[in-house]
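>>> sequence first, then the predicted structure, then my questions.
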Amino acid sequence: MDFDILIVGSGPAGQHAAWQAARMGKRAAIIERKPKIGGAGLQTGTIPSKAMREVAYLLSRSGGMRQALAPDARSRHGLLADAVRRKEGVIAQQESVILQRLLRHGVALIPGEASFLDAHTLEVADAAGHVRRISADVILLATGSRPRRPAHIQFDKKSVLDSTSILNLRHLPESLLVVGGGVIACEFVSIFAALGVQVSVVDSHAQLLTYLSDDVVGVLADSFLAMGVKFHMRERVVAIQREGGGTLTLLESGQQLRAEAVLYAQGREPNSGGLNVARAEVRSKDGWIEVNPQFQTSVPHIYAVGDLIGRPALASTGMEQGRAAVLHAFGGEQHVSAENLPMAVYTIPEISYVGKTEKEVQQEGIPYVIGRAQFKDSARGQIIGDAQGLLKLIVNAQNEKLLGVHIVGEQASELIHIGQLVMNLNGSVRDLVSNVFNYPTLAECYKLAALDCLHEMVELQK
Ligand SMILES: Cc1cc2nc3c(=O)[nH]c(=O)nc-3n(C[C@H](O)[C@H](O)[C@H](O)COP(=O)(O)OP(=O)(O)OC[C@H]3O[C@@H](n4cnc5c(N)ncnc54)[C@H](O)[C@@H]3O)c2cc1C
Ligand SMILES: NC(=O)c1ccc[n+]([C@@H]2O[C@H](COP(=O)([O-])OP(=O)(O)OC[C@H]3O[C@@H](n4cnc5c(N)ncnc54)[C@H](O)[C@@H]3O)[C@@H](O)[C@H]2O)c1
């Protein structure tokens, strides 16, 4: 065999699998079809969108930007240029960090598109048309996902966009219609609304981010309204046409919406088409690869991780899946599945949560109480001017254990890890009450919300 492990895809899942294998002294190689490494994590998704968001966020913090920007188209385009520059700088720097890490650990990087010849052999075709065969004891598939592009929508990378092409815009549209109410949709609504674009949203649901708590999403929706975002909820898109320099979107209700550009953000599809998994007898469903809890496919020495296996489909979880699969493949330390995975939505304001939602707790029939802390009730919240922020704890009313933490507001993506650790260490709401937090901090909201929970528990017992 040429290698101990061949990894297909250099996104977060593939990188972390390769790094782990190399740390275990294995001969590892990554095959990547794109000219640059990093996948959606670094090149077309997580990092570029977060880098652009940072520019939009800083602008939104400076206040009043819509009015300030409206008359001056040149400065608006300058802002997009700033966002693009920041994005490209961060990508280049991270690319170099990842490359150095992989090369330092002796991971081979093989350019080209991989497809199975048999269960131990991949054919790799590079951009110059050269084809080679490479074999390995273990094969790990980490080919990720791409935006779902239904055939009836004419994407053109200029005015009808997906989450990849929107990152390459060089001209800031006057108006943007976002089709979808999921994570990608909401993150881009934040970025473009904060950059001064007139943003509208169309979604078939009654609310954005349907799986989140109503009160948390309510804070986000209010913030969007304050940024001038218009909503067309419970509506479906029938067609998107190009019209002059812009677009015309037809809704099922008969309404017609004009916007300079449209972002279509309704889910993702697996990158498994070219892999020819049937030749290796790897089972898949609608292109998503089926795996067991150890990330083995139907062929035990072939593993699949990351977006390719479906939800949660996050860079954070993909990295850990890659590491876990390699530990399993080479009999390393016993891997314990990570529990209480956090999720962050990098909107303005940020949202983050861990554990169960109130709806899930109700469905499971668990007796619970809710404790809330408004950021405006903490000194730090006042200092930084976050009047909307909210931290909400869901606590088991019988054993006082934390069941879920939901945060919307400044630093939500960082703050969540406090609650996550308490949950992972099987702590209770009383641990949050007795903990001393720096003052003034937003973290102190944990204590305020925990005290609110204790109060609710007393009320419940009356
Ligand atoms: C706009 C956006 C924002 C996001 N924000 C976040 C976030 O804030 N936090 C978060 O945790 N997650 C976020 N995600 C999700 C995250 O980007 C993905 O979950 C993550 O990148 C998946 O990693 P992966 O390694 O499975 O696949 P990918 O990152 O998609 O990488 C797969 C790689 O495989 C390569 N490949 C595919 N087929 C072949 C083949 N046959 N041969 C060779 N190479 C192949 C591809 O070219 C690609 O480089 C975001 C996604 C998007 C689109
Ligand atoms: N901050 C983050 O962690 C982050 C940010 C962006 C993306 N992501 C990852 O990218 C994934 C994809 O993001 P997304 O916003 O596309 O997904 P999503 O699941 O959040 O939202 C997709 C939306 O499209 C709709 N939809 C899906 N399939 C559809 C179909 N066939 N027809 C009509 N509507 C359909 C859904 O109802 C939903 O409203 C996420 O699940 C997440 O894993 C994560």
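Everything's here; your move. Ligands and ions are numbered 1, 2, ... in the order given.
>>> tell me which parts of the stretch 201-350 of the chain are close to ligand 1?
271, 274-275, 306-308, 313-316, 318, 346 (C-beta under 6 Å from any ligand atom). C-beta here means a position set from N, CA and C on the backbone, and glycine is covered the same way.
>>> please indicate which of the residues you listed are buried?
By neighbour count, with 16 or more other C-beta atoms under 10 Å, those hold 271, 275, 306-308, 313-316, 318, 346 as buried.
>>> could you export the residues of the stretch 201-350 of the chain next to ligand 1 as TSV, including secondary structure and pLDDT?
Shown next, in TSV, are those (DSSP: H, G, I helix; E, B strand; the rest coil; pLDDT from 0 to 100):
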residue	secondary structure	pLDDT
N271	coil	98
G274	helix	94
L275	helix	98
G306	helix	98
D307	helix	98
L308	helix	98
A313	coil	97
L314	coil	97
A315	helix	98
S316	helix	96
G318	helix	97
Y346	coil	98
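>>> and which of those residues is nearest to ligand 1?
G306 (2.1 Å; C-beta to the nearest ligand atom).
>>> so who does the closest one touch?
9, 11-14, 142-144, 313, 318, 321-322 (C-beta atoms under 8 Å, 6 or more residues apart in numbering).
>>> phi, psi for G129 please.
phi 90, psi 0 (degrees, to the nearest 10).
>>> tell me the buried residues in stretch 238-257?
240, 246-249, 251, 257.
>>> got those as a markdown table, with distance to Q154 columns?
What follows is those, written out as a markdown table (distance: C-beta to C-beta, whole Å):
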| residue | distance to Q154 |
| --- | --- |
| I240 | 7 |
| G246 | 14 |
| T247 | 10 |
| L248 | 12 |
| T249 | 12 |
| L251 | 17 |
| L257 | 16 |
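>>> ok, and of those, which contact ligand 2?
Within the buried residues of stretch 238-257, nothing lies near ligand 2 by C-beta under 6 Å from any ligand atom.
>>> rebuild the residues you listed as TSV, extending it with pLDDT.
Below are the buried residues of stretch 238-257 laid out as TSV (pLDDT from 0 to 100):
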residue	pLDDT
I240	97
G246	95
T247	98
L248	97
T249	98
L251	97
L257	97
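>>> farthest pair within these?
G246 and L251 (16.3 Å; C-beta to C-beta).
>>> how many other residues sit next to the residue of the chain found nearest ligand 2?
With C-beta to the nearest ligand atom, the shortest gap between the chain and ligand 2 falls at G182, namely 1.9 Å. By other C-beta atoms under 10 Å, the residues close to G182 number 18.
>>> next: P35.
By the measure other C-beta under 10 Å, the count of residues near P35 is 8.
>>> mind listing what the residue most central in space within the chain touches?
Centroid-nearest residue in the chain: L314, 5.1 Å away (criterion: C-alpha atoms, centre = their mean). Neighbouring residues of L314 by C-beta under 8 Å, 6+ apart: 341, 343.
>>> how about low-confidence regions in the chain?
Applying pLDDT under 70 to the chain flags residues 63-74, 335.
>>> quick one, domains of it?
Domain ranges of the chain: 3-147+269-331, 160-266, 349-461, per the TED database.
>>> end-to-end on the first one?
Across domain 3-147+269-331, the terminal residues are separated by 17 Å (C-alpha to C-alpha, to the nearest Å).
>>> still on that earlier bit, can I get the domains of the chain in JSON lines with distance to E339?
As requested, the domains of the chain are exported to JSON lines (distance: least, C-beta to C-beta, whole Å):
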{"stretch": "domain 3-147+269-331", "distance to E339": "11"}
{"stretch": "domain 160-266", "distance to E339": "19"}
{"stretch": "domain 349-461", "distance to E339": "6"}
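>>> among the contacts of G306, which two are most distant?
Farthest pair in those (C-beta to C-beta) is G14 and A313. Separation: 14.5 Å.
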